[in-house]
Structure formats: structure tokens, C-alpha cells
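**Q** Any chance you could fold what I've pasted below:
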Amino acid sequence: MSDPTVSAIIAVFAGFALAALLAVPYIAGSYRRRGEVGLWRTLLVFAFLVYAMSLWTYTLLPVPRTTAAWCAEHAASHLQLRPFQFIADVRHEQTGSGLRAFLRNPAVQQSVFNVALFVPLGMFLRHLFRRSFVSTVVLGFAVSLFIECTQLTGVWFLFECPYRLADVDDLLTNTIGAAVGFGLAPLLRLMPGKAPSAPPGHPRPVTARRRLLGMAVDLLSVVLLGTTVGVATTLLAGEPNPVVSALISTLLPAVLLLFVIPLAGNGASFGQRVVLLRPAGPDGGEPAVWRMVLRFLAGSGGYFLLLTLASAVNSGFEPLANLLFFASGILAFRPQGHKGLSGLVAGLHIVDVRTIDDSEGSESPDGQ
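**A** Residues are numbered from 1 along each chain as shown. From the prediction side, this is the model:
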């Protein structure tokens with residue numbers, strides 16, 4: 001497998017990992033700024049994360065064995081400070097005549113690649129972050145300078161010596177690429193779903209996709225919190241026994257995010273708060289405590305409880321957890337109002353919190 005292929009695969013997987021870490025704050029921010037999470041905009045943000053990881057892998061990989069002998073052999077080949085040296089390199093590397101020979105010139109290909117590498121950055125800065133032309137060029141230069149300094153210092157002195165060439169011409173070509181990207185950014189406006197379907201404060205329908213997104217946020221948040229607590233506990237107190245490990249890394253985060261937070265608030269789980277949903281009782285008000293207990297046991301809370309029992313007591317609980325997981329996902333589609341399994345069991349329906357805000361705001365002080 002070639003090094004570019006390895007770098008691309010690492011960039012994609014690192015992009016997925018970074019997306020998982022940033023998913024919850026991104027979804028929460030989108031619902032509060034835009035009132036919704038647009039599919040195409042989300043894909044564009046994910047593309048930006050993968051691109052950022054691509055720059056990272058291009059800066060660091062491949063990593064040679066930087067032994068003392070290797071450093072001594074390559075000591076004079078890690079810095080190029082002569083501006084426009086690439087023009088001389090093109091002349092030196094040129095073999096043959098004509099356009100085809102020129103395009104096959106390694107120095108030409110390297111220069112074109114350095115320009116193309118920063119074109120997406122200019123497009124993302126203008127389209128996603130609403131930066132001006134001057135700001136885009138300055139940021140493109142700053143990112144390129146950071147990359148060159150990283151290469152010059154051997155990844156900020158983590159390695160015994162630099163193993164990549166820091167080239168002043170890269171600053172020029174990268175910055176040109178960012179400027180070109182700024183000019184091409186309007187192409188991204190052709191993607192559908194650019195504008196929100198309604199103002200941020202306007203209620204949206206309770207859809208199956210939105211319910212599933214809230215459930216996914218709950219699951220992801222419990223896993224991330226449980227992993228963090230588990231790692232911290234292991235570092236501070238050593239490896240716990242399986243029962244304690246299952247309790248602190250699975251059940252306790254689930255109870256906190258899926259029961260304690262709803263009990264202390266308006267009944268919404270952490271994931272429902274993120275997507276601006278909450279459960280309502282038969283009278284439209286906040287659910288009673290006993291209904292919240294039923295909802296916890298019949299929903300994501302029951303799933304994590306069964307996983308805890310599977311880890312701590314008997315693995316036979318795992319099939320039950322998987323059955324509850326799939327039943328909850330399927331029933332998020334079918335019942336009217338997308339109540340889901342937990343809503344059916346607890347007698348609750350799901351509403352957009354902005355609907356409640358609108359109804360409360362429309363009432364006059366005397367209740368009429």
C-alpha cells in the first residue's frame with residue numbers, strides 16, 4: 001500500500017473520530033443557530049474535518065526512523081529559503097518538450113499539488129466560516145506557515161531531527177491555493193439545503209429522523225462519558241473488577257444523562273435537549289416521575305442497564321439489550337408523533353420545545 005493511500009485512509013478515520021467528538025456540540029449549536037441540522041451542511045462540515053485531517057497526515061507522514069545516523073545523513077536537506085526556487089527546479093527536472101512533458105515534470109506536479117492542497121481551505125473559509133478575501137489569504141498563509149514550522153522543528157522537537165523539507169516556496173503556492181479557493185467557493189452554494197427551512201425560533205415537526213438523532217446523541221454521550229470516567233478511574237485507582245467497571249462506565253453515565261438530567265429539568269434526556277425536543281404527559285405538561293421511570297427502563301436507559309447486567313452478571317442479557325435497541329429504533333418511525341417504544345410504554349408524546357415557548361408567549365398576562 002502506497003504512502004498516499006495510507007495517509008488518505010488515516011485522514012478519513014481521523015475525520016470520523018474527530019466528528020464523533022464534535023458531533024454533540026455541533027448538533028446543539030446548529031439547532032440553536034439555524035433551528036435544524038441540514039444534511040448537506042453536515043456533510044460539508046464532515047468534509048472539512050476530513051480535509052483538516054488530510055493536512056495533518058500530509059504534514060506528518062511518512063515518518064522515517066530518525067536515528068542519529070539518519071539525521072546526520074539528511075542534516076542539510078530540511079530547509080529551503082530561496083524564494084521561487086521551484087522555477088529553477090522545473091527547468092532542472094524538465095525532460096523533453098511539449099505540454100505533455102511539461103505536465104509530467106515532477107517539480108511542476110509538486111507545485112500544482114501545493115496550490116491544489118489549499119484550494120479546499122479557501123473554499124471552506126469563505127463558505128462555512130464567512131471569511132473575507134483578505135482574511136482567507138492571511139489564514140491560508142498562517143496555516144501554511146504552521147505546517148512549515150512543524151516540519152522544520154521535527155514536529156515541534158518531538159523527533160530527534162526534522163524529517164520533512166520546510167520550503168519557503170510552499171508558503172507562496174499554498175497561499176495562492178487559498179486565494180484560488182476563495183474564488184471557487186460560490187460553487188458550494190449549488191449544494192441543496194443551504195438556507196434553513198424556517199427561522200431558528202420557529203417550531204419544527206417531530207420527525208423520525210429527529211427522534212433518531214436525539215437517541216443517537218444519547219447513546220454517543222453515554223459512551224463518551226463512560227469511556228472518559230473509565231479511563232480516569234483506571235489511571236487513578238488501577239483496573240477495577242468487571243462489576244465496578246460496568247457500573248462506572250455504563251450504568252452511572254446512563255442514569256445521569258438519561259434520568260437525573262430529565263428529572264431535574266423538563267423531562268428531556270440529554271439528547272432530546274440537544275435537538276430541542278421534550279416528552280409531554282397526556283395533559284401536555286411535564287411528565288410525572290413514575291412515567292419518567294418507565295420511559296428510562298423502556299428506552300435507552302433500559303438498554304444500558306441490560307448491557308451493564310450482561311457485563312457484570314450474565315452475558316445472556318446482551319441479546320435482550322440488542323432486541324430493545326432495534327425495537328426502539330424501529331418504533332421511532334411508526335407510532336403517531338414518533339413516540340418510540342419508551343413513549344408508548346410510559347404514555348408520553350414528544351413535542352418541540354419551541355411549540356411550548358410559542359404557546360406560553362402568546363398568552364396574555366390575564367391568561368386570555
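**Q** going forward, measure contacts and count neighbours with C-alpha atoms only.
**A** OK.
**Q** Can you classify S97 as helix, strand or coil?
**A** Put simply, S97 is coil when judged by DSSP: H, G, I helix; E, B strand; the rest coil.
**Q** For T175, see how far away it is.
**A** 29 Å (Cα to Cα, to the nearest Å).
**Q** So which of the two has more stuff around it?
**A** Counted by other Cα atoms under 10 Å, S97 and T175 do not tie: T175 has more neighbours, with 29 against 8.
**Q** how about the more buried one, what does it touch?
**A** V115, F118, V137, V138, G140, F141, S144 (Cα atoms under 8 Å, 6 or more residues apart in numbering).
**Q** Now do the buried residues in the helix or strand that contains L213.
**A** Under the criterion of DSSP states H and E, L213 resides in helix 208-237. Within helix 208-237, the residues scored as buried using 16 or more other Cα atoms under 10 Å are 208, 210-227, 229-230, 233.
**Q** neighbours of T173, just the number please.
**A** Neighbour tally, T173, other Cα under 10 Å: 24.
**Q** Tell me where the stretch 201-350 of the chain is predicted with low confidence.
**A** Applying pLDDT under 70 to the stretch 201-350 of the chain flags the ranges 335.
**Q** As a markdown table, the contacts of T175 with neighbour count and distance to A198 would be great.
**A** Formatted as a markdown table, the contacts of T175 follow (neighbours: other Cα atoms under 10 Å; distance: Cα to Cα, whole Å):
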| residue | neighbour count | distance to A198 |
| --- | --- | --- |
| V115 | 23 | 39 |
| F118 | 25 | 34 |
| V137 | 24 | 34 |
| V138 | 15 | 35 |
| G140 | 25 | 34 |
| F141 | 23 | 37 |
| S144 | 24 | 39 |
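**Q** Which pair of those residues spans the longest distance?
**A** Put simply, by Cα to Cα the two of the contacts of T175 set farthest apart are V115 and V138, 15.2 Å from each other.
**Q** ok, so what distance separates G181 from V119?
**A** In terms of Cα to Cα, G181 sits 4 Å off from V119.
**Q** no wait, T136
**A** 11 Å.
**Q** what's the burial count for R130?
**A** R130, neighbours per other Cα under 10 Å, totals 12.
**Q** no no, A28
**A** Other residues close to A28 by other Cα under 10 Å number 19.
**Q** quick check: domain ranges of the chain?
**A** 1-62, 76-198, 208-362 (automatic domain parsing).
**Q** ok now the longest one, how far from the chain's centre?
**A** By that I understand domain 208-362. 22 Å (Cα atoms, centre = their mean, to the nearest Å).
**Q** Likewise for the first one?
**A** Domain 1-62 has its average C-alpha position 6 Å from the chain's average C-alpha position, going by Cα atoms, centre = their mean.
**Q** I'd like the mean pLDDT over it, please.
**A** Across domain 1-62, the average pLDDT comes to 78.
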